[in-house]
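Enquirer: Sequence first, then the predicted structure:
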There are 2 protein chains.
Amino acid sequence: MYAVIMAGGSGTRFWPASRAGRPKQFLNVTGKGPLIVEACDRLGSITPDDHIILILGRQHGPEVKKLFAERSVHILLEPVGRNTAPCIGLGALYARHRGCEEAVAFLPADHFIRDEDSFVSALREAAVLAEATGGLVTLGIVPTRPETGYGYIRRGKEYDAGSGFAAYEVSAFVEKPDLQTARDYVTSGEYYWNAGIFVATPERILQEMEAHLPVFQKGLKEIEHALDGEDYERILEEVYRRTEGISFDYAVMEKTRSSVFVVPCDCGWSDVGSWGSLYDLRREEQDKQGNVREGDVLLEECSGSLVLARGERLVACLGLRNVLVVDTPDAVLVADLERSQDIRKIVNRLGQKGKESLL
Amino acid sequence: MYAVIMAGGSGTRFWPASRAGRPKQFLNVTGKGPLIVEACDRLGSITPDDHIILILGRQHGPEVKKLFAERSVHILLEPVGRNTAPCIGLGALYARHRGCEEAVAFLPADHFIRDEDSFVSALREAAVLAEATGGLVTLGIVPTRPETGYGYIRRGKEYDAGSGFAAYEVSAFVEKPDLQTARDYVTSGEYYWNAGIFVATPERILQEMEAHLPVFQKGLKEIEHALDGEDYERILEEVYRRTEGISFDYAVMEKTRSSVFVVPCDCGWSDVGSWGSLYDLRREEQDKQGNVREGDVLLEECSGSLVLARGERLVACLGLRNVLVVDTPDAVLVADLERSQDIRKIVNRLGQKGKESLL
C-alpha cells in the first residue's frame, strides 16, 4: 500500500527544542530519532520506501532531503500550509499519478505509537476495507483516559469485513468534549480518539474533493497537468495561494455521503502534544524517583522531573519536584512540568520582544 | 590605616558560577562587581590603595593582577592555603615591613556589606581603640536573626574609649549555636556575630604569633629576611609547607592574654554563604512576584525565584516558585532555592564522576 505522511505542522509546544524552522516532526522527542523518520520506519512492513509520499512545508525541504538522502521516499513541498484537506488531495493525486489504485494511508508525521504491530495491523485492515467498499476508513484509537484535548469518533453498527477484525460504521465525528462528556464517552465504549489517520483509495479521495472542495479540485487538475513539467512549482504555488486552509475532517469526513468506517486500534498512540505528554510516553525510562533524563544530567534529590540536556552542557538539578528542564545551545527552559501546555506564553512573549532568532 | 584583605577562600557554594579556579571572591555575586574589588573599594575613605594588602592563593595571581592592574594595592600570594592565622601573620609582617606602626584591619574578601558608612566608622573606631590600648579589636555584627551558621562574640563590660562610640571587652568567643541558643543570644542583646574582622597593630599581631604560634613566628622571621630578595618565594613556600592550617580565632583570639575588645557594628553584613543568602541580599531588586533576575531572563508566572543568565543564553521560566537557576557557559544549575546550601552535594558528585573541568 501507499502512505502519505503529512508533516506540515509548525507547533511551538516543544520550545525550546522545537522552533519555527525546526518543528516537532523533526525533533527527536522520544530519544529514538526524529518523529518523521519514525513515522516512515514503522510502515516498513507494509509499505516500501518508494510508496511513501512525504508532504511538508517548502521551508523544510533542505532538512527533510538530508534526513532521507539515502532513501527513495517521495518528497512533496507545499509552498504554504493549508491544513490537511489540500495536503490529502495533493497526496492522493500524486499517488494516482504514480500508478496507485490501491488504498493509501494518510498519516500525521508527528505522533508517537508504542505498539507498532497493532498499528500496522489496523492500517492493513483499514486498507482491505477501503478497497473492498470504496469508502473512507479512519483509525479509531481506543481511549485510555477521558482526554479533553482530542476529537472523538462515535461508532455505529458493526461492519463484518469477513476478516475477523472489528470494524464499525462511523456514526459521528465529535468535537473536543468537556471532562464529564469525555468520561461518558470512555465509559460507553462506543467512542474512539480521532488521530487524524485516514485510509482510502486515491480515487475516493479525489471524488470527495470534487464533491466538497470543487474549486481546489480544479486546482488539483492544473497541478496534475503540470506534474513532472517545468511549471509544476509555479502552478502548485498559484493553486495553494488561492486555496483556503481547511481540515480534511471538517471539509470531507463530516460531510461525505460515502461509507465511512472506523477500525479500532489500541496501539499506545499519543499525539505528543506537550512536554508533559512526552514525559508520560517515556515512562519506562523513569528512574526510581520518576525522573526522565537525556544527555549530561546530574539529579540530586529530584523526583517526577523531565530533564533534557541538548545543549552540550551539564544540567545539574537539586531538590526539584515535577520540573521540566530543556537545555539547548541558545536557550534553556525551566518550567513546572504540569504547566507545559502553557509554553506558548513564553513563545508569544519572545515574539513580542522581537527575539525572532529564538522562535 | 592599613588593611589586609584575605581572599584565600575556595568555596563551592556558588557553583556553577564559582569554581575551584574562580572562587566566590572573584564573582560578581551582588551584580556590582567582584566581591574582592568591592572589599577594596569600600575602604576608599580610610585607606589609600597602597595601604591595602591583598593576600590570596598563588593560583589566583594572574586573575587578581588583572583585576587590580591599574591600582597600587599590594598583592601577596600564598603558596598553599593555611587558614587565617598564617595569613594574618604574613599580612602583619608585610605591613610592618612597609613601615606601618598604626592599626591594620584584617578583613575577609568575600563578604557583603550594605551600609558601608557604618562599617567604615566602626573600623575607624576599632583602629583608634587598637592603637590606644595595644589590644586586639574585633568587629561584632549586631545580629538580626537567630543564625545558627555563625560563631558569636559575647561582650563583657563596656569600655569607654572616650569617643562616644560603644566598645566592650570581649567576654567569650562562642561556637555556632543551636537554634534555641541562638535565639537566646539574640534576645539577650549581649552577643554579636563573629565576622572574622580584626583590627590591631602589626606589633600586637606578631607578638601574638610569638606567644601562640612560635614555630610559625620563626618562619615569619625567615620570610622577613627574604622580603624583597630573590629567595622570597622559595622561603615563603618552605615556611607555608611546614605550617599547619589554623584559624586566627582559634589560635589567637580565644587564647590571648592581651586585651580584646569588640566594637559593635550594625552595617547589613552578610557572609553571602549561599545562593539563598544572595537572594535575600538582593531583595531590593525583586520584582512584584519576588523574583531576582540577571541577564537575558524571561519569567512567566514565577515567584520567589533567583534566575541568573550568565551563559550568553536565554533563560525562560514558567510557573516556578522559589527556584534557583544559574546558567553558565558549560553548566546550568536548577535547584530549590531553599536547598541552596546543599549545592556541595552536586559538586561532590561531579568530583566522584571525575568531571574536573566543571569543578
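Expert: Thanks, I have it.

Enquirer: List, one by one, the residues from the stretch 151-300 of chain A near chain B.
Expert: Counting by C-beta under 8 Å from any C-beta of the partner chain, the stretch 151-300 of chain A comes close to chain B at A:298, A:300. C-beta here means a position set from N, CA and C on the backbone, and glycine is covered the same way.

Enquirer: Let me see the ranges of the helices in the stretch 151-300 of chain A.
Expert: Assigned by DSSP state H, counting those that start in this stretch, the stretch 151-300 of chain A shows helices spanning A:179-188, A:202-212, A:214-226, A:232-241, A:248, A:275-281.

Enquirer: Are there helices or strands packed against the third one, and which ones?
Expert: In this case it means helix A:214-226. helix A:84-97, helix A:202-212, helix A:232-241 (3 or more C-beta pairs under 8 Å, 6 or more residues apart in numbering or on different chains; DSSP states H and E).

Enquirer: Pull it out as CSV, backbone CA atoms only.
Expert: In CSV, the C-alpha atoms belonging to helix A:214-226 read as follows (Å, rounded to 0.1, in the frame of the first residue of the first chain):
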residue,chain,number,x,y,z
PRO,A,214,-14.7,21.7,-6.1
VAL,A,215,-12.5,24.8,-6.5
PHE,A,216,-9.5,23.1,-5.0
GLN,A,217,-10.2,20.0,-7.2
LYS,A,218,-9.9,22.2,-10.3
GLY,A,219,-6.6,23.4,-8.9
LEU,A,220,-5.5,19.8,-8.4
LYS,A,221,-6.3,19.2,-12.1
GLU,A,222,-4.0,22.0,-13.0
ILE,A,223,-1.3,20.6,-10.8
GLU,A,224,-1.8,17.1,-12.4
HIS,A,225,-1.2,18.5,-15.8
ALA,A,226,2.0,20.2,-14.6
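
Enquirer: which outside residues touch it?
Expert: With contact meaning C-beta atoms under 8 Å, 6 or more residues apart in numbering or on different chains, helix A:214-226 is reached by A:85-86, A:89-90, A:93, A:97, A:206, A:209-210, A:232, A:234-236, A:238-240, A:242-243.

Enquirer: hmm, which of these are the buried ones?
Expert: The neighbour-count test (16 or more other C-beta atoms under 10 Å in any protein chain shown) marks A:85-86, A:89-90, A:93, A:206, A:209, A:235-236, A:238-240, A:243 as buried among the contacts of helix A:214-226.

Enquirer: Let's have the helices and strands packed on helix A:214-226 in TSV, adding mean pLDDT.
Expert: Listed next are the helices and strands packed on helix A:214-226 as TSV, based on pLDDT from 0 to 100:
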stretch	mean pLDDT
helix A:84-97	97
helix A:202-212	97
helix A:232-241	96
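
Enquirer: which residue packs closest to residue A:321, ignoring adjacent ones?
Expert: residue A:303 (5.3 Å; C-beta to C-beta, 6 or more residues apart in numbering or on different chains).

Enquirer: Apologies, that question was intended for residue A:179.
Expert: In space, residue A:179 comes closest to residue A:148 once its chain neighbours are excluded; the distance is 5.6 Å by C-beta to C-beta, 6+ apart.

Enquirer: can you check residue A:109 too?
Expert: residue A:7 (3.6 Å).

Enquirer: what's the span of stretch A:24-40 from first residue to last?
Expert: For stretch A:24-40, the first-to-last residue distance is 15 Å (C-alpha to C-alpha, to the nearest Å).

Enquirer: need the longest helix for chain A.
Expert: What stands out as the longest helix in chain A, according to DSSP state H, is helix A:116-133.

Enquirer: which strands and helices sit next to that one?
Expert: In terms of contacts (3+ C-beta pairs under 8 Å, 6+ apart), helix A:116-133 is packed against strand A:104-108, strand A:136-141, strand A:191-200, strand A:260-265.

Enquirer: could I get the ones you listed as JSON lines with mean neighbour count and mean pLDDT?
Expert: As requested, those are exported to JSON lines (neighbours: other C-beta atoms under 10 Å in any protein chain shown; pLDDT from 0 to 100):
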{"stretch": "strand A:104-108", "mean neighbour count": "25", "mean pLDDT": "97"}
{"stretch": "strand A:136-141", "mean neighbour count": "27", "mean pLDDT": "97"}
{"stretch": "strand A:191-200", "mean neighbour count": "25", "mean pLDDT": "97"}
{"stretch": "strand A:260-265", "mean neighbour count": "25", "mean pLDDT": "97"}
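
Enquirer: and residue A:187, what does it touch?
Expert: Counting by C-beta under 8 Å, 6+ apart, residue A:187 has no contacts.

Enquirer: which helices and strands sit right next to the worst-scoring helix or strand of chain A on mean pLDDT?
Expert: Within chain A, no helix or strand scores below helix A:275-281, which has a mean of 89 by mean pLDDT, DSSP states H and E. Here helix A:275-281 touches strand A:269-270, strand A:306-309, strand A:323-327, going by 3+ C-beta pairs under 8 Å, 6+ apart.
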